[in-house]
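> Next come a sequence and a model predicted from it.
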Amino acid sequence: MKVKYLFFGVLGFMFQNCTQSENASDQSKSPGFYTMDDFKKVEKYDTHAHINAFDTTFIQIAKEDNFRLLAVNVNPSSYPTVELQQDIAVKMVKTYPDQVAWATTFTVADWGTDKWLPQTLAYLKGSFENGAIGVKVWKNIGMELRDKDGKFVMINDPRFDPVIDYIEKSGKTLVGHLGEPKNAWLPVDQMTVSGDKGYFSKHPEYHMYLHPEYPSYEDQVNARDKMLEKHPNLRFVGVHLGSLEWSVDELAKRLDKFPNMAVDMAERICHLEYQSIKQREKVRDFIIKYQDRLIYATDDWVGPESNLEEMKKDIQETHISDWRFFVTDEEMQVPYFNDKIKGLKLPKEVIDKIYRKNAEKWFPGI
Ligand SMILES: [Zn+2]
């Protein structure tokens, strides 16, 4: 009798579920899809933002669109000092604990001296005490930093090992922007997306086509891979699709090889869109297969001189365009190339992972 009741009980439960999904009244149990109307309702994270000003408009915009932010410190010469970035991040986390988390970074100013390692470890320790949940390394390693003999210093250099070990031991996530999009090694008119054309026209110092004596694209990717081979237990998030934005096949190979690696999509969703012009199903299948390893992010930033009105318009347009690409199957025109594309219409549970659950998994404490 008990078994029979259980059987009918399960049937009843299933029937109830089917009815609910047909009515779309219980979205969490439905295998369905989100719509454009759901954009503001769904809780989301942007795990790649740069807050370089005390003004809080940036955070209000995120709040309006239902995003929580990971503020990532980073060390380009055009940015405020890492100490000031840290002060801003700590203040924002204190003021908006439910809205902002932060990741620290370190400098290589004293690289090659005895001071560098102890200073770096002490700085990271201080950041962790101030709540940092991750550490960012940037492309200056591999593209700018050189030893006295002129040789470029790559991320798999053994002198970084004690720092990376310390990050791992502290349970923090290493966030890596290493190398550049493959477009950086092409002449501007051969680049695939307008964002890269614009960026590398403005930043010839990173336009590697102009610097054949620098490490190659493959050198950059290999150095990152070798670093990961040395640190198999390190939790690593490769930003900008791990600099493998041009090929979902190449990215899949790395995700297969390194189970502790995930990637953020900051500023590279256009490359998924570009690949989808000819291979929409392939890009969609890739995202579904690697749904636990892909994290939504923008690389949006605010500085003391930002035009706040323009910034708001840009950020919200990008949010909406990205959402349309991932959740609908509408035909779309994006500003990065001339071809039209069609949205990927990813299942709801995949959207929940790339916009929220993966951020929580790969950035504990966010
Ligand atoms: Zn960034």
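Here it is on my side, so go on. Numbering: from 1, shown residues only.
> OK, contacts around the residue nearest the centre of the chain?
Closest to where the C-alpha atoms of the chain average out (C-alpha atoms, centre = their mean) is residue 264, at 2.4 Å. By C-beta atoms under 8 Å, 6 or more residues apart in numbering, residue 264 lies in contact with 47-48, 175, 237-241, 295-297. Just so you know, the C-beta spots here come from the backbone N, C-alpha and C atoms, and that holds for glycine as well.
> same thing but 7 Å
By C-beta atoms under 7 Å, 6 or more residues apart in numbering, the contact list for residue 264 reads 47-48, 237, 239, 295, 297.
> okay, now residue 107: neighbour count?
Residue 107: 15 surrounding residues under other C-beta atoms under 10 Å.
> Test my guess that it contacts residue 75.
Yes. Residue 107 is within contact range of residue 75, at 5.5 Å (criterion: C-beta atoms under 7 Å).
> Show me the strands in the stretch 1-150 of the chain, by range?
44-51, 67-72, 100-105, 134-137 (DSSP state E, counting those that start in this stretch).
> would you list those in TSV and tack on distance to residue 199 and mean pLDDT?
Output for the strands of the stretch 1-150 of the chain, formatted as TSV (distance: least, C-beta to C-beta, whole Å; pLDDT from 0 to 100):
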stretch	distance to residue 199	mean pLDDT
strand 44-51	15	98
strand 67-72	18	98
strand 100-105	20	98
strand 134-137	19	98
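> would you list those in JSON lines and tack on distance to residue 170 and mean neighbour count?
Putting the strands of the stretch 1-150 of the chain into JSON lines (distance: least, C-beta to C-beta, whole Å; neighbours: other C-beta atoms under 10 Å) gives the following:
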{"stretch": "strand 44-51", "distance to residue 170": "19", "mean neighbour count": "25"}
{"stretch": "strand 67-72", "distance to residue 170": "17", "mean neighbour count": "26"}
{"stretch": "strand 100-105", "distance to residue 170": "11", "mean neighbour count": "25"}
{"stretch": "strand 134-137", "distance to residue 170": "9", "mean neighbour count": "26"}
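> for those, which one sits closest to residue 276?
Among the strands of the stretch 1-150 of the chain, the nearest to residue 276 by C-beta to C-beta is strand 44-51 (21.3 Å).
> ok, the closest one: who's next to it in the sheet?
strand 67-72 (parallel), strand 300-302 (parallel) (DSSP bridges).
> Any regions of the chain where pLDDT drops low?
1-31 (pLDDT under 70).
> Do a quick rundown of the helices in it.
Along the chain, the stretches classed as helices by DSSP state H are 2-23, 57-64, 82-95, 116-129, 140-143, 161-169, 194-202, 217-230, 239-242, 248-257, 269-289, 308-327, 348-352, 358-362.
> Got the domain ranges for the chain?
Following automatic domain parsing, one gets these domains for the chain: 1-30, 36-362.
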